[in-house]
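Q: Okay, predicted coordinates and the sequence, questions at the end:
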Amino acid sequence: VNYDYVEGDVKWEPKNAMLYPAFFILAGVCAGCFGIGGGLITVPVMLAMGVHPTVVTATSSVMVFFTGALSASSFAIFGLLLKDFAVLCFVLGFFASLVGQGIMSRARKSRAGGANFERNSIVTYCIGGVILLSALLMTVEYLLNGRFIDSDDEDENMNEFCDG
């Protein structure tokens, strides 16, 4: 076809066309079964595919938007949505995004280090740091709130663990 690939384009070869969709299906299954964000799996896979880090960030953000919207709507339909908490989380997330965007915009415009913030590695390190922090916080949450199942009263302890 003589297509000129640019940096970050995925070159779909027969092996990649089978392997990458399998990873993304696995990410969806893990997200649904274990309650983890699919981005913990899809972001590193997209980076390994050679996708440009800013494209990975934008794609992940769109996936998070639709996942969050679907989750919130299902909670609202079943009457489980705490509206005051939802509004608080929305407002905090919105303003935290603005602050983060403002910090990165200012850093890029600074005379001293602006060129350093144009590098793609900054975005990649930020993504990696968020994934690492997420994994650490999930581990801490489990260690602080997890209960181990006792073989004598399996049903009672299982309910205690699953009730959250």
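A: Arrived safely, thanks for sending.
Q: Low-confidence ranges, this protein, go.
A: Residues of the chain meeting the criterion pLDDT under 70: 1, 35-38, 108, 110-120, 147-164.
Q: And the helices in it?
A: 14-34, 39-49, 53-77, 83-109, 114-117, 120-145, 154-162 (DSSP state H).
Q: Pick the most deeply packed of the ones you listed.
A: Comparing the helices of the chain by mean neighbour count (mean count of other CB atoms under 10 Å), helix 39-49 ranks first with a mean of 19. Quick note: C-beta positions are derived from backbone N, CA and C, even for glycine.
Q: I'd like the helices of the chain as JSON lines, with distance to Glu7 appended.
A: Formatted as JSON lines, the helices of the chain follow (distance: least, CB to CB, whole Å):
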{"stretch": "helix 14-34", "distance to Glu7": "17"}
{"stretch": "helix 39-49", "distance to Glu7": "13"}
{"stretch": "helix 53-77", "distance to Glu7": "10"}
{"stretch": "helix 83-109", "distance to Glu7": "19"}
{"stretch": "helix 114-117", "distance to Glu7": "18"}
{"stretch": "helix 120-145", "distance to Glu7": "9"}
{"stretch": "helix 154-162", "distance to Glu7": "46"}
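Q: between those helices, which one is nearest to Gly8?
A: When the helices of the chain are compared for distance to Gly8 using CB to CB, the nearest one is helix 53-77, at 5.7 Å.
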